[in-house]
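[1] this one's sequence-less:
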């Protein structure tokens, strides 16, 4: 792979920075709201000891980000790039969550668009793991042009296997939908 799965990405409103060990307490302050996890595969991630396992997995992935709202300087959430596949030039985005105050604001789409614009410089297809019960995220990702392509069992780091849907966007579809990824 000739690109980074953990670059610094930025636009006028959002900054994605590689997640660091010292970010735990600040990110947990966001993640400690039980409402965030109602539709996610592990509904107990708001509990500190459960979130600690999730955070350790994020750190070990070497593709996790903290999402900064540049207008306030606050951590808005986290996301991850992972599982690059050289043979079909694909990669995954997942493990995304936002503080509830950002729901419905367009921040998720702005983050995903920025990530897709970056990734499609290097890959031909981006997949998203979304929990089978996470209707909010399923609807959101289809609005970006992704389509459901599979159902899989995902073994989350340190957690039980959970059913996920795979949504996909290919570079050709993204280029037709939005040419702003061109530099």
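    That came through, no problem. All of these numbers come straight from a predicted model, not from anything done at the bench. Numbering: from 1, shown residues only.

[2] ok, which stretches of this structure are helices?
    24-31, 48-61, 107-119, 135-143, 171-177 (DSSP state H).

[3] quick one: average confidence on the second one?
    Put plainly, it is helix 48-61. In this model, helix 48-61 carries a mean pLDDT of 95.

[4] Can you list the buried residues in that helix?
    50, 51, 53, 54, 55, 57, 58, 59, 61 (16 or more other C-beta atoms under 10 Å). Glycine gets a C-beta too; all of them are placed from N, C-alpha and C.

[5] Tell me the helices and strands packed up against that helix.
    helix 24-31, strand 74-85 (3 or more C-beta pairs under 8 Å, 6 or more residues apart in numbering; DSSP states H and E).

[6] Can you add distance to residue 160 and give the helices of the chain back as CSV?
    Shown next, in CSV, are the helices of the chain (distance: least, C-beta to C-beta, whole Å):
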stretch, distance to residue 160
helix 24-31, 19
helix 48-61, 11
helix 107-119, 26
helix 135-143, 20
helix 171-177, 33
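
[7] deepest of those, which one?
    helix 107-119 (a mean of 20; mean count of other C-beta atoms under 10 Å).

[8] List the neighbours of it that are in contact with it.
    Identification of contacts with helix 107-119 by C-beta atoms under 8 Å, 6 or more residues apart in numbering yields 7, 9-11, 13-14, 16, 67, 69, 76, 79, 81, 91, 93, 96, 98, 102, 126, 140-141, 143-144, 169, 174, 178, 180-181.

[9] Beta-bridge partners for residue 65, please?
    Residue 65 has these beta-bridge partners by DSSP bridges: residue 18, residue 79.

[10] ok, now which ones touch it?
    With C-beta under 8 Å, 6+ apart, residue 65 has these contacts: 6, 9, 16, 17, 18, 19, 78, 79, 80, 81.

[11] got it, and residue 23?
    Contacts for residue 23 were tallied using C-beta under 8 Å, 6+ apart; they are 66, 75.
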